[in-house]
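>>> predicted model and sequence below, questions to follow.
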Amino acid sequence: GARMLQSCLSAPLTNLDEITHRLNRVECFINNPAMRDLLREQLKAIPDMERALARLSVSRGGPRDLAMIRDGLTQIEVIRAALQNDADTKNTLSDLLNALKNERLTADLQDKLTQALDPEPPMLARDGGFIASGYFKKLDELKNLKDETRRLIAQLQSKYQKDTSVESLKIKFNNVLGYFIEVSSKHADTMMELKDRADSPYIHRQTMANAVRLTTTELAELERDISSAGEKALAIELQIFDELVAECLAISEEIGIRARAISTLDMASALAELAVDQNYTRPVLDNSLAFDIQDGRHPVVETSLQTSQETFVPNDCALMPEDRLWLLTGPNMAGKSTYLRQNA
């Protein structure tokens, strides 16, 4: 809505019918405060679909951008249903309601994104873990294998603790060594003696100031299986991600239409709320050159005065075709610039 307002201010309308239509939307929400409050509350749940779509279109998006489109399309249905049930808003906002209609393409995409994505996906696709369970059978099998190996790691750790009688023995992981057995320096001699036995499965990896690190053939093979399953699962997730992005971009125009309609509703309801809060009056517009303001106020100066418990004094300005030139005089700080600006 903020971007829509900025766009409207930078490119003012000149067609009277279009201006009237825009003001009708604002007045509709002024006359229906319950609907305005409901809409303002529901708009809080709408993510920025336009921005998400923009990031995806330049290959800078991630799973959360897909989730934003999913959540946005879902929330649009809630908003449209609420507006559709009110006769006044239904008539005045008919063009926006038509734009918000969930056609088959967007409905299919919404369903697919809901089924495919985890409810709270990570920011980056490369992290994986964003495809929901049950969406792709092979992916579920690989994830289950990964979970199973975690259990096997725990079993190995317990086995090595019993074998060495070192209860503090841990199997750890880092990006340099992968999985390794670590014992504190206190038990280093015990582990080194075990390592030197002919039938010992332990292989020395690294000696540190406060710990000794070892591995076994069994642990290395398990690590290879885990790594392979993780890589394959991530490859599948990235492939699904690319497919979902392509489907979003294929109907980006339809998504954009809905996003712009939501932006228009956001702007109209926000302006209505502002008009009620500040007691603004709808202007009567025509195609003549007459400019007739009665009890005009400067919105910024008036708001500033309210903070110091002062009241803005309203004033008139009537510039008609037969009376187009006024000479404004007065001392410094009398309000000449304020008067000029508020009417301009």
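Right, received. Where do you want to start? Numbering: from 1, shown residues only.

>>> may I see the buried residues of stretch 78-89?
79-80, 83, 86, 89 (16 or more other Cβ atoms under 10 Å). To be clear about C-beta, it is placed using only N, CA and C from the backbone, and glycine gets the same treatment.

>>> now render these as TSV, adding distance to Leu156 and secondary structure.
Below are the buried residues of stretch 78-89 laid out as TSV (distance: Cβ to Cβ, whole Å; DSSP: H, G, I helix; E, B strand; the rest coil):
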residue	distance to Leu156	secondary structure
Ile79	54	helix
Arg80	56	helix
Leu83	60	helix
Asp86	64	coil
Thr89	64	helix
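
>>> out of those, which comes closest to Thr217?
For the buried residues of stretch 78-89, the residue nearest Thr217 by Cβ to Cβ is Ile79; the value is 60.7 Å.

>>> and the residue nearest to that closest one when sequence neighbours are not counted, how many neighbours does it have?
Using Cβ to Cβ, 6 or more residues apart in numbering and skipping residues adjacent in sequence, the residue nearest Ile79 is Gln42, 5.2 Å away. Using other Cβ atoms under 10 Å, Gln42 has 16 other residues around it.

>>> use 445 as the first number from now on
Shifting the count to begin at 445 puts that one at Gln486.

>>> my guess is Gln486 is in a strand, correct?
No. Read with DSSP: H, G, I helix; E, B strand; the rest coil, Gln486 is helix and lies in no strand.

>>> surely it touches Ala525?
No. Under the criterion of Cβ atoms under 8 Å, Gln486 is not in contact with Ala525, lying 10.1 Å apart.

>>> how close does the most centrally placed residue in the chain get to Gly573?
Nearest to the geometric centre of the chain sits Pro491, at 4.4 Å (Cα atoms, centre = their mean). For Pro491, the distance to Gly573 equals 20 Å [Cβ to Cβ, to the nearest Å].

>>> and for Asn546?
Asn546 sits 29 Å away from Gly573, going by Cβ to Cβ.

>>> any chance you could list what contacts the helix or strand harbouring Arg447?
Assessed by DSSP states H and E, Arg447 sits inside helix 446-454. Identification of contacts with helix 446-454 by Cβ atoms under 8 Å, 6 or more residues apart in numbering yields 466, 494, 704, 707-708, 710-711, 714-715.

>>> chain center to it: distance?
Put simply, helix 446-454 sits 20 Å off its chain's centre (Cα atoms, centre = their mean, to the nearest Å).

>>> which residue, other than its chain neighbours, is closest to Leu549?
Ile695 (4.8 Å).

>>> what about the one you found, neighbour count?
Neighbour number of Ile695 under other Cβ under 10 Å is 15.

>>> and if you look at Arg594?
Arg594, neighbours per other Cβ under 10 Å, totals 10.

>>> the host helix or strand of it - contacts with which helices or strands?
Assigned by DSSP H and E, Arg594 belongs to helix 581-608. When contacts are defined as 3 or more Cβ pairs under 8 Å, 6 or more residues apart in numbering; DSSP states H and E, helix 581-608 sits against strand 614-618, strand 622-628, helix 632-639, helix 661-694.

>>> weakest of these in terms of mean pLDDT?
Least confident of the helices and strands packed on helix 581-608, judged by mean pLDDT, is helix 632-639 with a mean of 84.

>>> what's the following helix or strand after it?
Helix 632-639 is succeeded, C-terminally, by strand 647-651 (DSSP H and E).

>>> now do the buried residues in the helix or strand just after that next one.
Next along the chain after strand 647-651, taking DSSP H and E as the criterion, comes strand 655-659. Residues 655-659 are the ones in strand 655-659 that count as buried (16+ other Cβ under 10 Å).

>>> which residue, other than its chain neighbours, is closest to the residue nearest to the centre of the chain?
Using Cβ to Cβ, 6+ apart, the closest residue to Pro491 is Met512 (3.8 Å).

>>> for Ala489, see how far away that neighbour is.
Distance from Met512 to Ala489, by Cβ to Cβ: 11 Å.
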